[in-house]
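> Let's see this in three dimensions:
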Amino acid sequence: MSRARQPPLVTGISPNEGTSWTKVTIRGENLGTGPADLIGLSICGHNCLLTAEWMSASKIVCRVGPAKDDKGEIIVTTKSGGHGTSTVSFKLLKAEKIGILDQSAVWVDEMNYYDMRTDRNKGISPLSLRPSNPLGIDVDKGKIPLKDLEGMFPGVSGDFTSENFSATWYLIENHSATSFDQLRQAASNLKKQATTKNEGSLAYVKGGLSTFFEAQDALAAIHQRLESDGTERVEGSMTQRLENILNRASDTADTLFQEVLGRKDKADSTRNALNVLQRFKFLFNLPLNIERNIQKGDYDVVINDYEKAKSLFGNTEVPVFKKVYAEVETRIGALRSLLLDKLLETPSTLHDQKRYIRYLSDLHAPGDPAWQCISAQHKWILGLMQNCREEFINDPRAALGAIALDLDGDTRASALGRIRDTASLKRGVSLRSQRPNTWDHEAPQQVQFVEKLSDVVIGQLPNFWKLWISYVNGSLFSETGEKSGQVEKSKKNARQRQNDFKKMIEEVTHRLVKLVRGALLPSTLTEPELKLYGGWERKSGLTGPWLTQVIHTVRIIFEALVALEIPNDLLQVIQDLLLELRHNCLLVTLQHTKEDVRSLADKEDWVVDNEGVTSLPARFEQRMVQTLQSLKEPMETKPGEVNLLQLDQVQDQVAVLCVDIMKVREQTEKLCQEINEVFISCLEQLSTKRNGEPGRSGMSVDLVSPDLFSGVQEDFCPTPEQRLLIILSNCQHLEKHTFLNLAEHFERHGFTGTDKITQVSVQAVKELDESLFDNYIERKSDPIVGSLEPGIYAGYFDWRDCSTPTGVRNYLKEALVNIITVHAEVFTVCKELVPRVLTRIVDGVAEEMSRLMQCVSSFSKNGAIQARLEINALRDAVSSYLSSESQGSFKQALEALPQLHSGADRKLLEELLNTFKSSMQLQLTCFQPSSVQPVKR
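Numbering: from 1, shown residues only. Predicted coordinates for the structure are as follows:
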């Protein structure tokens with residue numbers, strides 16, 4: 001035996017209240033296995049089985065009958081489960097009854113009257129009677145798009161009420177995932193429905209046969225009676241009497257119901273009018289709904305309603321419909337004007353622009369709204385760029401206050417604030433430091449102008465370009481079938497206006513370039529262009545770091561436009577501008593460096609290190625390195641840019657300026673000499689400074705003591721000769737170290753022609769060195785050489801008549817002491833200069849001694865011994881600094897003397913020479929190689 005089923009259980013009903021004949025959906029469990037299994041259904045105590053339609057074991061659809069109870073349960077009875085229960089209830093609403101003689105302002109809607117005899121609604125469209133599930137199984141809609149089904153089954157429909165109904169479409173759409181067993185059950189359900197329908201009609205006829213027979217017998221009797229009654233009477237025949245009765249009844253009824261029928265006719269007219277209003281209320285309410293939705297901004301709703309109204313009533317001939325539709329067109333025309341104004345309103349976002357263009361296109365606005373928007377945006381961007389200049393030229397303070405404001409009025413970071421690596425504002429500081437908070441007040445107006453100009457371009461031109469791209473590819477309109485024509489029309493219009501848009505982009509880029517040129521490179525503009533884009537003549541020129549900042553900003557603009565894939569030919573003018581800005585920055589930076597190097601003389605403290613070099617060469621090298629570092633970003637070649645240092649013209653200008661800078665460095669050192677008449681005023685003051693002059697007499701004391709300058713480290717004022725030595729030491733350092741280091745820095749930073757720069761600079765330093773050296777030697781050698789002749793002939797000395805020599809005379813000792821003094825002075829400043837200086841002095845002394853000896857006509861024996869003693873003593877004392885010239889001079893001097901033939905004379909000469917060396921040992925020690933380092937001050 002099969003297992004007994006559970007009794008039906010109703011768990012839900014929708015709706016849960018209503019008047020009689022309300023269609024409800026009952027849901028629950030165990031509601032039957034099929035239509036035949038359902039044997040009972042009551043709602044609020046009324047049997048509703050006649051209107052019940054079994055859908056599934058969990059769903060039944062029926063109509064509520066005129067039950068007596070206001071509220072009651074829903075009871076389902078099945079063959080398999082028996083009498084069921086309910087967890088929900090239904091509330092029956094009573095309709096107000098109207099008598100035939102009761103006046104009423106509201107008539108019962110008879111359109112939904114349900115006729116129990118025919119089991120159908122009267123006055124309802126057949127579309128509303130279609131069953132929701134004709135197969136009697138659960139609907140399982142698949143995910144196949146409707147567009148694909150229309151392509152697979154052209155000309156047919158999945159609507160089973162349609163004349164072109166396709167069962168295949170219906171099954172794919174509603175039962176694509178249904179199992180085969182369920183489809184078999186659906187086929188069985190269709191067969192049962194067909195059988196039930198046929199059996200129901202036949203049973204109805206069978207049940208009414210007796211009634212038909214009785215009606216036929218009554219009609220036959222009446223016919224027979226009428227035929228037998230053919231005599232005329234007073235009251236007439238039977239048919240005549242019947243006619244009179246009917247006429248009197250009609251007159252009585254007309255009299256009785258005339259007022260009621262009159263009201264009924266009016267009510268019918270009113271009801272017909274209400275039906276028309278109800279049926280076409282969409283059209284009649286559309287003008288007001290359009291106005292309300294416009295105020296709320298629901299333009300999509302307005303457009304959908306308008307499309308619907310246009311398709312239904314666009315070609316109507318009904319006067320009232322035409323009048324209302326004309327009002328709709330008036331409202332839509334006003335909406336077109338409103339949307340066009342919003343579209344052309346600036347500023348606006350790209351999203352809003354696309355939205356308004358789509359709205360206007362859907363409303364079939366005349367013209368080309370997209371192109372009108374592009375033209376308006378183009379004019380607005382040009383106006384913004386020009387207004388930037390006007391703000392800074394006419395009202396600089398207002399421009400400074402507005403620089404941090406966005407174009408929409410919102411405070412935000414400016415373009416330079418978005419730059420990751422901001423250039424430094426101070427020369428000599430790293431170009432990667434953060435921008436100070438007071439930048440807006442410290443930056444020159446030209447820099448702030450370019451910054452604000454970049455805000456306009458970077459903020460507006462990308463949206464302008466994207467709007468054009470959307471216009472070209474048709475993405476302003478949705479890719480649907482009914483709008484494909486708009487897309488093609490948009491693409492066609494875009495192709496026709498490509499040249500016009502290209503001119504717009506060119507005008508924007510050229511305006512940008514000319515505005516920047518007017519602020520920074522006015523000499524590159526013509527007179528008419530200067531009137532439009534110039535006006536910065538009263539502003540001071542920019543320094544290198546500020547020009548670097550401008551270059552960085554312009555590069556940001558260029559990179560932003562390149563990222564939009566704007567053709568390179570439209571951006572070439574910006575590349576040209578960048579090249580000229582970089583060139584100008586290079587020249588300005590080097591020119592400022594030249595001035596700074598010239599001012600280094602004011603910073604000379606004359607304090608030398610252990611190598612005899614002051615801080616001036618290091619400061620010079622540091623300043624040049626800072627210059628090269630500051631030029632790193634401007635000289636860097638970005639993608640698409642030209643290597644500035646490879647241009648012949650630029651190479652020549654850079655080389656000339658660099659050579660000039662190094663010449664300035666040499667000229668600065670020249671100006672440190674008091675004897676030079678072309679001293680600049682600042683160095684003349686330094687050379688004549690008399691505050692604390694320990695250097696005047698400090699050179700003749702014990703020079704080997706490391707504590708020589710311990711008390712003069714502060715307020716040290718070197719003598720002119722010491723300054724010459726310091727400058728000579730600096731020149732050697734420049735030649736051997738500084739210029740070589742700078743050459744490496746030049747090459748590291750990409751500068752070409754460094755060999756030429758180094759060669760010219762070294763040559764200039766050598767010339768300066770020779771000039772200063774000759775000056776110093778002249779100062780030191782001339783007094784020593786000039787003292788020899790007077791010293792030799794002091795006391796009326798005569799080489800032909802002199803006593804026996806007893807030693808070296810004082811004049812020679814004084815000359816050696818003077819040479820030692822020069823040695824000490826040079827050694828104190830720069831040890832490396834000692835051989836060079838003393839060699840030149842010894843050359844001069846030897847040459848003078850040779851001349852003096854050759855001028856003597858004759859020597860006595862004692863005179864020859866004395867002369868040979870003094871010449872040999874001098875030669876041996878300075879032997880470490882003899883050159884080929886000095887050796888030749890000493891040789892010529894000795895050759896001019898008579899030879900010593902006596903052994904006693906030679907012995908005397910040797911003894912006297914040894915005695916001199918012994919007595920002067922301490923003084924002559926300085927002429928020997930020493931490891932003593934110069935004293936650092």
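> pull the helix or strand with minimum mean pLDDT from this structure.
helix 681-687 (a mean of 34; mean pLDDT, DSSP states H and E).
> Okay, strands next: where are they in this protein?
With DSSP state E as the definition, the chain shows strands at residue ranges 9-14, 17-18, 23-29, 38-43, 46-47, 53-56, 59-63, 71-78, 82-83, 85-86, 89-92, 114-115, 120-121.
> which stretch among those strands comes nearest Glu529?
When the strands of the chain are compared by CB to CB, strand 9-14 sits nearest Glu529, at 78.9 Å. Bear in mind the C-beta positions are built from the backbone N, C-alpha and C, glycine included.
> How many residues are close by the residue lying closest to Leu525 once chain neighbours are set aside?
Nearest residue to Leu525 in three dimensions, chain neighbours excluded: Arg517, at 5.5 Å (CB to CB, 6 or more residues apart in numbering). Residues near Arg517, counting by other CB atoms under 10 Å, number 21.
> ok, Ala443 to Ser850 distance?
Distance of Ala443 to Ser850, computed by CB to CB, to the nearest Å: 72 Å.
> gap between the residue positioned nearest the centre of the chain and Leu571?
Nearest to the geometric centre of the chain sits Ala560, at 6.4 Å (CA atoms, centre = their mean). Ala560 is 11 Å from Leu571, where distance means CB to CB.
> low pLDDT regions in the stretch 701-850 of the chain?
Flagging of the stretch 701-850 of the chain using pLDDT under 70 yields the residue ranges 701-716, 752-753.
> Helices of that one, start to end?
Remark: helices assigned in the stretch 701-850 of the chain by DSSP state H, counting those that start in this stretch are 720-733, 739-748, 754-792, 810-829, 834-855.
> residues in contact with the spatially closest residue to Glu848 that is not a sequence neighbour?
Counting by CB to CB, 6+ apart, Val785 is the residue found nearest to Glu848 once chain neighbours are left out, at 4.6 Å. The contact partners of Val785, by CB atoms under 8 Å, 6 or more residues apart in numbering, come to 844-845, 847-848.
> before we move on, what about Leu869?
By CB under 8 Å, 6+ apart, the residues touching Leu869 are 805, 807-808, 909, 912-913, 916.
> of all these, which comes closest to Ile13?
Phe916 (144.0 Å).
> burial count for that closest one?
When neighbours are counted by other CB under 10 Å, Phe916 registers 23.
> got it, and Ala267?
Residues lying near Ala267 (other CB under 10 Å) number 17.
> Please tell me how far it sits from Asn741.
Distance, Ala267 to Asn741, by CB to CB: 113 Å.
> can you put the helices of the stretch 701-850 of the chain in JSON lines and add distance to Pro898?
Output for those, formatted as JSON lines (distance: least, CB to CB, whole Å):
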{"stretch": "helix 720-733", "distance to Pro898": "40"}
{"stretch": "helix 739-748", "distance to Pro898": "54"}
{"stretch": "helix 754-792", "distance to Pro898": "17"}
{"stretch": "helix 810-829", "distance to Pro898": "20"}
{"stretch": "helix 834-855", "distance to Pro898": "11"}
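> Between those, which one is closest to Glu391.
From the helices of the stretch 701-850 of the chain, taking CB to CB, the stretch that ends up closest is helix 739-748, at 42.0 Å.
> Now do the buried residues in that closest one.
Buried residues in helix 739-748, counted by 16 or more other CB atoms under 10 Å: 739, 742-743, 745-746.
> go on, stretch 523-539?
By 16+ other CB under 10 Å, the buried positions in stretch 523-539 come out as 524-525, 530, 533-536, 539.
> for the residue nearest to Leu190 when sequence neighbours are not counted, phi and psi?
Nearest residue to Leu190 in three dimensions, chain neighbours excluded: Leu135, at 6.7 Å (CB to CB, 6+ apart). Backbone torsions for Leu135, taken as degrees, to the nearest 10, come to phi -80, psi -20.
> Quick check, Leu135 in contact with His175.
Yes: here Leu135 lies in contact with His175, judged by CB atoms under 8 Å, at a distance of 7.4 Å.
> between those two, what contacts are shared?
With CB under 8 Å, 6+ apart, Leu135 and His175 have common neighbours Ala186.
> Show me which of those two is the more surrounded one.
Neighbour count, other CB under 10 Å: between Leu135 and His175, Leu135 has more, with 23 against 19.
> follow-up on the earlier one: looking at the helices of the stretch 701-850 of the chain, which is buried most?
Mean neighbour count, computed with mean count of other CB atoms under 10 Å, is highest for helix 720-733 among the helices of the stretch 701-850 of the chain, reaching a mean of 24.
> Next, the angle from that one to helix 754-792.
Between helix 720-733 and helix 754-792, the angle comes out at 150 degrees (axes from the mean of the first three to the mean of the last three CA atoms, to 10 degrees).
> and the gap between Leu542 and Arg868?
Counting by CB to CB, the gap from Leu542 to Arg868 is 75 Å.
> the more surrounded of those two?
Arg868 (24 against 20).
> Leaving out chain neighbours, which residue sits closest to the more buried one?
Nearest residue to Arg868, sequence neighbours excluded (CB to CB, 6+ apart): Leu897, at 5.4 Å.
> tell me the phi and psi of that neighbour?
With angles defined as degrees, to the nearest 10, Leu897 sits at phi -90, psi 150.
> What residues does it make contact with?
Applying CB under 8 Å, 6+ apart to Leu897 gives the contacts 853, 859, 864, 867-868, 871.
> If we use 6 Å, what do you get?
Applying CB atoms under 6 Å, 6 or more residues apart in numbering to Leu897 gives the contacts 864, 867-868.
> try Arg906
Leu900.
> Against Ile374, how distant is it?
Taking CB to CB, one finds Arg906 at 114 Å from Ile374.
> who touches both of Ala560 and Leu571?
Counting by CB under 6 Å, 6+ apart, Ala560 and Leu571 have no common neighbour.
> How many residues are close by Leu515?
For Leu515, using other CB under 10 Å, the count is 21.
> And it, how close does it get to Trp536?
10 Å.
> go on, Thr168?
79 Å.
> re earlier: give me the distance between the residue nearest to Leu525 and Glu770.
48 Å.
> what does Asn610 give?
When distance is defined by CB to CB, Asn610 is 25 Å away from Glu770.
> Same check on Met635?
Met635 sits 36 Å away from Glu770, going by CB to CB.
> go on, Leu261?
Per CB to CB, Leu261 is found 140 Å from Glu770.
> List the contacts of stretch 293-304.
By CB under 6 Å, 6+ apart, the residues outside stretch 293-304 that reach it are 290, 335, 359, 362.
> who touches the second one in this structure?
Taking CB under 6 Å, 6+ apart, we find Leu335 in contact with Ile294.
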